[in-house]
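>>> model this:
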Amino acid sequence: SGDAAPFALQVEGDWAPLMLWSSFRRADAAGEETTLIPRWRANDAVVPFSFEDLHETLAPDAATDAERAFEIFRYALKTTNYYDAHYCESVGKIHRTRVSYTLIRALNIYPFDQCGPLNHTLRYLFMAGGISSNNAPGTHHQFEQAFYDGSLRLFDLSPRQYWLDRDNETVISLRRLGEDPWLKVRQEGDVNAWIPGRVSSATFGSVHKHHRIDVPLRPGESICFGWHNEGRWMELGDEREPIHPAKVPPYYGNGVLIWRPTEVGDAATLDNIALDGDALRAVDAGASASLTYRVLLPYVIAAARLTGRSAGEAAVSLSWDDGETWAELWRGEGAIDLDLTAEVMARYNCWLRIELPAGAEASVSDLQVRTTFIVAPLSLPGTPALGDNDMSFVAGPVTEPVEATLAWLERHRSDLGVSLNALSFYLMDDENHRNLYVARPGEELPVEVTLEGRAFDGEVALEGLPEGWLAGPASRRAQTDGEPVTVAFSLRPDGESGDIVPFEVVVREGERERRIPAQVMPADAALVAEAEAAQLEGDAEIADVPEQSGGRQVDLSGDATLRFAADAPADGTYALWVRMRIADGASTRLMLVVDGEEREVRATAMIGFSDWESPRYASTKLFAHYGEQRDHWAWYRVPDVELTAGEHAVALGAQAGQSFDAGLVLPQTPAVDRAAMNLLMTWNFASWLLPM
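Residues are numbered from 1 along each chain as shown. Here you go, the predicted structure:
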């Protein structure tokens, strides 16, 4: 209600919680006025919603400017990374061919970019924290210098580094780097990009304060912010042209704004129209009637959908210029289900108009607009830690009652092991876990749940499946003295190839309940296999590693080959997806052999500059400077595997220092590629976790 006092919150478990979402809806007692939403703040988290918020919460306890500068740099490292953000955005009537050089939007929406925008963000963070800073461009690079202890100090958010003088303590300046280039070379790489070229117009850079992230909540609206995403990104560049999927970063969040019609508030304008229950009807049926809803967000829109039902003729139009011009998208009667994504993507606002013609007894009922937007989960300040937390509300002010909910998953250690016969693996963030079934539509899919480790007497159930998918009971009794016991279910997957269908395996024992999320992707796969199921030749060994799919992985100490038998259901082009890790110093070379035909490929990282279309590369998504390719497991994609219907011999030749966990051969179609990218390469994709 605007006067909520800070309170204590205990987060239980054995590991830090996994965050889910925060949501805000108007309380039943709320009036007709618009309010700004509050936002959750846990402990002393930095609040990134305005320049003033940053100034107040960024390193407030630092005793010296040096300490303050390092705390600011640590926050910048935690909330950003290098990924080519060549995306466009339309801000009101202004179109930008790419997003760049922002502070508040970068921290809250798209914190992944190249050297210039990243270091622009760093420079403004220094200034928000009270540290003087200047632009420091090189010949083809940009970085920043912070001023403290009487000198400029060189920081670079692109390689995520600073450089020390020969005393190994003092952070050097750009001038010092020019005097002693070895100081740069000894830590990383050459000095060329860091040495300034010919100066034509020296500048310290302009300074201005950025806008606030104020989120209005109007009658009829509710909103949520997710630490996960539903696969919706701002996939347009230049003059609103589609970008390649490789330019979608591997980690981001989505939020959702829901609106349903009300007769009060300023979210919508009603012209000769009234709300009768949940139906919109003309007040004077002899005249035309309309409702205009204005989507208004400080976050960039990724997608939107309009649903409802029209009894009689109705029309739907959209405007991008505050109602000056309109584009009709639909006219008719019956069910309304319009995907507005192509029209609203990469915008911050739009107007939506529903029209009823004069002289017709028409109405529109069950109307809802669902707008998906992009949020940066790395900077959300509402992330509590394990144990005791001091919680408070920031942002606002709240002038109408709002119900605020914060949701997270607590993680508890258990002696009861629960495993599925799915591809079971951690995403590259080493935090989010996947249990994935790939099933041919119409064919029976066995789901096996194995319990072991301690005595158990309870129930195992499958929940959340679409109607008609279960071929048998939804729950079964299970009992064990600790030895492995498997409970079997059977599914009949349906749906379009490339769909993603989530469900949960629920293990109940008395009052205790444990839920294991799983997903089914219907696809006409030619191969779904664990690496250890391959015929191994050469210097390859199977190692028991519980966190890997099937509890095993294949490690190579020399040249080796993994041979699989694939069965293509139809002629076509397929893509090989393989989960592997490359040790530091090991070769990235692989040899793909299909029915005796060899193709050498190289494992490579996509950081927004390249794509996965070249048949000579096995491509994965990662950020440039976390070391994922050498230190983490990742899914790599090899395109253009031509197969005829029937059985094929597929082999993968590899080298020392490479390890393998699982492999897939999937149809190379836009739908399957998108689903596989979301499930395998997008670290926090989980559309089923958003509450709206």
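>>> going forward, measure contacts and count neighbours with C-alpha atoms only.
Will do.
>>> where do the strands sit along the stretch 351-500 of the chain?
Assigned by DSSP state E, counting those that start in this stretch, the strands in the stretch 351-500 of the chain fall at 363-375, 387-395, 402-411, 417-420, 423-426, 433-439, 445-452, 456-463, 475-480, 485-491.
>>> Can you tell me which of those is nearest to residue 575?
Counting by Cα to Cα, residue 575 lies closest to strand 433-439 out of the strands of the stretch 351-500 of the chain; the figure is 14.2 Å.
>>> Mind listing what's buried along the closest one?
Buried positions in strand 433-439, judged by neighbour count with 16 or more other Cα atoms under 10 Å: 433, 434, 435, 436, 437, 438, 439.
>>> follow-up on the earlier one: so which of the strands of the stretch 351-500 of the chain gets nearest residue 214?
Across the strands of the stretch 351-500 of the chain, closest to residue 214 is strand 387-395 (Cα to Cα), at 7.2 Å.
>>> And the contacts of the strand or helix carrying residue 618?
Here residue 618 is covered by strand 617-621, with elements defined by DSSP states H and E. Here strand 617-621 makes contact (Cα atoms under 8 Å, 6 or more residues apart in numbering) with 246, 249-250, 601-607, 611-612, 634-639, 681.
>>> Let me know the average pLDDT across it.
The average of the pLDDT scores along strand 617-621 is 95.
>>> Also stretch 470-487?
Computed over stretch 470-487, the mean pLDDT rounds to 96.
>>> which other residues reach that stretch?
By Cα under 8 Å, 6+ apart, stretch 470-487 touches 448-463, 489-492.
>>> ok, now stretch 457-467?
474-480, 487, 501-510.
>>> Pull out the buried positions in that stretch.
Those would be 459, 460, 461, 462, 463, 465, for stretch 457-467 by 16+ other Cα under 10 Å.
>>> Can you tell me which of the contacts of stretch 457-467 are buried?
475, 478-480, 487, 501-508.
>>> Same list, those, but as TSV with distance to residue 692 please.
Shown next, in TSV, are these (distance: Cα to Cα, whole Å):
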residue	distance to residue 692
475	28
478	34
479	37
480	39
487	33
501	17
502	16
503	17
504	18
505	22
506	22
507	26
508	27
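>>> so which two of these are the farthest from each other?
Using Cα to Cα, those span at most 30.3 Å, a distance reached by 480 and 501.
>>> Now the phi/psi pair for the residue most central in space within the chain, please.
In the chain, the C-alpha nearest the mean C-alpha coordinate belongs to residue 252, at 3.1 Å (Cα atoms, centre = their mean). Per-residue torsions, residue 252: phi -170, psi 170 (degrees, to the nearest 10).
>>> So for it, what's the pLDDT?
97.
>>> residues in contact with the residue nearest to it when sequence neighbours are not counted?
Leaving aside its sequence neighbours, residue 252 sits nearest to residue 376 (Cα to Cα, 6 or more residues apart in numbering; 5.7 Å). Applying Cα under 8 Å, 6+ apart to residue 376 gives the contacts 107, 108, 109, 110, 111, 227, 252, 253.
>>> could you point out the longest strand in the protein?
Using DSSP state E, we find that the single longest strand of the chain is strand 301-319.
>>> Let me know the closest of the buried residues of strand 433-439 to residue 75.
residue 433 (26.0 Å).
>>> Next one: the residue lying closest to the closest one once chain neighbours are set aside relative to residue 673, how far apart?
Distance criterion Cα to Cα, 6+ apart; nearest residue to residue 433, sequence neighbours excluded, is residue 426 at 4.3 Å. Remark: distance between residue 426 and residue 673 (Cα to Cα, to the nearest Å) = 20 Å.
>>> do residue 42 as well
38 Å.
>>> Give me the more crowded residue out of these two.
residue 42 (22 against 18; other Cα atoms under 10 Å).
>>> my guess is the more buried one meets residue 379, correct?
No - look at residue 42 against residue 379 with Cα atoms under 8 Å: they stay out of range, at 11.9 Å.
>>> burial of residue 431, as a residue count?
Neighbour tally, residue 431, other Cα under 10 Å: 11.
>>> Surely residue 214 forms part of a helix?
No - under DSSP: H, G, I helix; E, B strand; the rest coil, residue 214 falls outside any helix and is assigned coil.
>>> coming back round to it: these two touch, right, the residue nearest to residue 433 and residue 432?
Yes - between residue 426 and residue 432 a contact is recorded at 5.8 Å, counting by Cα under 8 Å.
>>> Same drill for those two, tell me which one is more crowded.
A count of neighbours by other Cα under 10 Å puts residue 426 above the other of residue 426 and residue 432, at 19 against 15.
>>> how far away is the more buried one from residue 672?
Distance from residue 426 to residue 672, by Cα to Cα: 20 Å.
>>> What of residue 359?
47 Å.
>>> List the residues that contact residue 323.
Counted by Cα under 8 Å, 6+ apart, residue 323 has contacts residue 351.
>>> do that again at 6 Å, thanks
Shown in contact with residue 323 (Cα atoms under 6 Å, 6 or more residues apart in numbering): no residues.
>>> ok so, going back, more neighbours: which of residue 359 and residue 672?
residue 672 (23 against 12).
>>> Name the SS class of the more buried one, please.
Bear in mind the rule, three-state DSSP; under it residue 672 is helix.
>>> Surely it is in contact with residue 498?
Yes - using Cα atoms under 6 Å, residue 672 is in contact with residue 498, at 4.2 Å.
>>> do you know how far residue 61 is from residue 67?
9 Å.
>>> which of these two has more neighbours?
Under the criterion of other Cα under 10 Å, the comparison of residue 61 against residue 67 puts residue 67 first, with 14 against 10.
>>> which element is the more buried one on?
helix 65-79.
>>> Show me the shaky parts of the stretch 1-150 of the chain.
Nowhere does the stretch 1-150 of the chain drop to pLDDT under 70.
>>> Could you pull out the helices in it for me?
In the stretch 1-150 of the chain, helices defined by DSSP state H, counting those that start in this stretch lie at 51-57, 65-79, 104-108, 115-128, listed in chain order.
>>> Fine by me, we can end here.
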